[in-house]
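**Q** when you get a sec, could you give me coordinates for this:
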Amino acid sequence: HVQLVESGGGSVQAGGSLRLSCAASGYTGGRMCLAWFRRVPGKEREGVARIDTVGGSKVYADSVKGRFTISKANAKNTVYLQMNSLKPEDTAMYYCAADSFCSAVPAGFRYWGQGTQVTVS
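**A** Numbers count the residues shown, from 1 in each chain. Alright, predicted model coming up:
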């Protein structure tokens, strides 16, 4: 049973920083893609960033390029999202997702965390 647990959300002023963490447990496959999505009420879930644990390739949404950095802890199924220069439009519920292969869409991920709220004022 795969579990993803996010932490690190909160409230911050525009221009500030937050770091989100997601710890994955119970995953027995060798290859894993870890991703962050976000959702604003009334809108579709949006991909923010993802990282393939094989090769380490990273993909970012255009809206966060240069401000957000996704990384993975060595030897651990833990992924981080460092968010700098935050803007009010970054306000959303942020979700961690995982599966064997990366996908640009939420339907491509079977495993999801419960979400952590980020509010930028």
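**Q** skip the chain neighbours and tell me the closest residue to the spatially most central residue of the chain.
**A** By CA atoms, centre = their mean, the chain has its centre lying nearest to residue 36, at 2.1 Å. Leaving aside its chain neighbours, residue 36 sits nearest to residue 48 (4.3 Å; criterion: CB to CB, 6 or more residues apart in numbering). Backbone N, C-alpha and C define where each C-beta goes, glycine included.
**Q** now the helix or strand the one you found falls within: buried residues?
**A** Residue 48 is part of strand 46-52 when elements are defined by DSSP states H and E. Residues 47-52 are the ones in strand 46-52 that count as buried (16 or more other CB atoms under 10 Å).
**Q** ok, now stretch 13-27?
**A** 18, 20-24, 27.
**Q** looking at the residues you listed, which gets the smallest pLDDT?
**A** Across the buried residues of stretch 13-27, the member with the lowest pLDDT is residue 27, scoring 86.
**Q** the closest residue in space to that one that isn't next to it in sequence and residue 62, how far apart?
**A** Distances taken as CB to CB, 6+ apart put residue 2 closest to residue 27, at 5.1 Å, once the chain neighbours are dropped. From residue 2 over to residue 62 the distance is 29 Å, taken as CB to CB, to the nearest Å.
**Q** more neighbours: which of these two?
**A** residue 2 (16 against 6; other CB atoms under 10 Å).
**Q** tell me who's in contact with that one.
**A** 24-27, 98, 110-111 (CB atoms under 8 Å, 6 or more residues apart in numbering).
**Q** how about a cut-off of 10 Å?
**A** Neighbouring residues of residue 2 by CB atoms under 10 Å, 6 or more residues apart in numbering: 24-29, 32, 77, 98-99, 110-112.
**Q** and if you look at residue 59?
**A** Residue 59 neighbours (CB under 10 Å, 6+ apart): 33, 35, 47-52, 65, 70, 102, 104.
**Q** got the angle between the one helix or strand residue 95 maps to and strand 46-52?
**A** Per DSSP H and E: residue 95 is located in strand 92-99. For strand 92-99 against strand 46-52, the angle by axes from the mean of the first three to the mean of the last three CA atoms, to 10 degrees is 40 degrees.
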